[in-house]
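> show me how the following folds:
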Amino acid sequence: MPELPEVETVIRGISSRILSQTINKCELSSKKLRYPITINFKKIILSKKIISISRRAKYILINLNNNKTIVIHLGMSGRIILTSNNENLKFKHTHMTIYFTNNLIAKFIDPRRFGCVLLLNTNDITDNKLFNHLGPEPLGRLFNPTYLQRSCKNKKATIKSIIMNQSIVVGVGNIYASESLFLSGINPQKKAANINFEQCLKLVRNIKLILNRAIKLGGSSINDYSMVNGMLGYFQNELKVYEREGENCIKKTCNGRILRIVIAQRSTYYCSQCQKN
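Numbers count the residues shown, from 1 in each chain. From the prediction side, this is the model:
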């Protein structure tokens with residue numbers, strides 16, 4: 001499933017090419033996605049210019065010059081591919097195709113159809129039910145050790161569940177949660193209420209470090225994800241614990257092995273020695 005680094009990589013990939021471009025034509029598939037596509041979607045976006053592109057959690061926000069925003073969620077298997085009219089490339093499972101006046105084409109492809117394409121009023125997005133419950137962005141200033149410790153106070157949930165809770169902090173997916181906890185030396189099963197400030201300091205710092213590194217490397221290409229140019233991300237080559245069950249810990253001074261457990265129905269990987277506490 002594309003997580004925050006993958007979505008951020010997509011945004012950076014499309015921004016440089018479709019920003020300030022005008023929509024010339026739009027084609028929509030008749031197949032259902034997670035939510036029904038907004039009525040009159042094509043008519044409303046036709047001849048409109050893209051004035052900005054941003055991200056909130058794992059949602060892509062394409063803002064138009066008519067106070068409307070195209071909201072895209074990649075779901076489990078979604079991706080956006082940019083091509084040109086000259087290439088005339090066709091892809092299976094294409095649910096939206098947007099043609100721009102500069103001869104560029106953007107295609108939203110989603111084989112499993114858990115993604116969505118919506119059209120919302122730009123000024124109303126923060127109050128929309130998809131967004132009004134979301135916590136702060138992990139790379140922003142609001143996500144800091146003091147905030148994390150306050151969020152953990154009196155919580156019976158595990159620390160891994162807390163940092164994956166979208167109402168507490170957005171976009172820290174399963175891969176990045178496991179990797180950040182390993183780097184911080186924190187057992188993913190540790191109760192959030194027992195996390196001290198020093199551990200919060202390490203964890204916040206390492207979540208930001210891991211996410212920024214993943215963005216720099218184009219995300220993790222596991223299962224269906226690829227960048228807008230079709231190339232794979234490279235962060236999966238740097239994974240220390242994720243999907244390394246039974247292997248030796250990468251730390252030379254550690255004789256532990258990587259274990260796999262399930263927390264909140266998600267596979268969780270950690271070192272039996274480095275992450276005892």
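
> please name the nearest non-neighbouring residue to L118.
Closest residue in space to L118, ignoring its immediate chain neighbours: V71 at 4.4 Å, by Cβ to Cβ, 6 or more residues apart in numbering. Backbone N, C-alpha and C define where each C-beta goes, glycine included.

> who's in contact with that neighbour?
Y59, I60, L61, I62, C116, V117, L118, L119, L120, I125, L130 (Cβ atoms under 8 Å, 6 or more residues apart in numbering).

> in its sheet, what does the helix or strand containing the third one sit against?
Of the helices and strands defined by DSSP states H and E, L61 is found in strand 59-64. The pairing partners recorded for strand 59-64 under DSSP bridges are strand 50-56 (antiparallel), strand 68-73 (antiparallel).

> in the stretch 51-200 of the chain, where is pLDDT below threshold?
Scanning the stretch 51-200 of the chain for pLDDT under 70 picks out 86, 88.

> let me see the ranges of the helices in it.
145-152, 159-163, 174-184, 197-216 (DSSP state H, counting those that start in this stretch).

> buried sites along the longest one?
Put plainly, it is helix 197-216. Counting neighbours by 16 or more other Cβ atoms under 10 Å, one finds that the buried residues in helix 197-216 are 199-204, 206-208, 210-211, 214-215.

> neighbours of the closest residue to S29 other than its chain neighbours, just the number please.
Closest residue to S29 apart from its sequence neighbours, by Cβ to Cβ, 6+ apart: H95 at 4.3 Å. Using other Cβ atoms under 10 Å, H95 is surrounded by 22 other residues.

> quick check: H95 vs G13, distance?
Per Cβ to Cβ, to the nearest Å, H95 is found 19 Å from G13.

> ditto for D124
Taking Cβ to Cβ, one finds D124 at 27 Å from G13.

> who's more crowded, these two?
G13 (18 against 11).

> surely the more buried one and I60 touch.
No - applying Cβ atoms under 8 Å as the test, G13 and I60 come out as separate, 10.8 Å apart.

> overlap in contacts, the two.
Joint contacts of G13 and I60 (Cβ under 8 Å, 6+ apart) are I80.

> what's near enough to touch R260?
Taking Cβ under 8 Å, 6+ apart, one finds E245, S267, T268, Y269 in contact with R260.

> cool, I80 as well?
Contacts of I80 (Cβ under 8 Å, 6+ apart): V10, G13, I14, I60, I72, L74, A106, K107, F108, I109, V228.

> same list (the residues you listed) but as CSV, adding distance to G135.
Listed next are the contacts of I80 as CSV, based on distance: Cβ to Cβ, whole Å:
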residue, distance to G135
V10, 22
G13, 26
I14, 26
I60, 19
I72, 21
L74, 20
A106, 29
K107, 31
F108, 26
I109, 29
V228, 27
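
> go through the helices of the stretch 51-200 of the chain and name the closest to Q21.
In terms of Cβ to Cβ, the element of the helices of the stretch 51-200 of the chain nearest to Q21 is helix 197-216, at 23.8 Å.

> now the next helix or strand after the closest one against helix 174-184, angle please.
Sequence order places strand 258-263 as the next helix or strand after helix 197-216, per DSSP H and E. With axes from the mean of the first three to the mean of the last three Cα atoms, to 10 degrees as the basis, strand 258-263 and helix 174-184 are set at 130 degrees to each other.

> would you confirm that I72 contacts C116?
Yes - using Cβ under 8 Å, I72 is in contact with C116, at 7.2 Å.

> more neighbours: which of the two?
I72 (24 against 21).

> re the thing from before, okay, among the buried residues of helix 197-216, which ones form the most distant pair?
It's Q199 and I215 that sit farthest apart of the buried residues of helix 197-216, by Cβ to Cβ, at 24.4 Å.

> skip the chain neighbours and tell me the closest residue to R12.
R12's closest residue in space is I215 (Cβ to Cβ, 6+ apart), at 8.0 Å.
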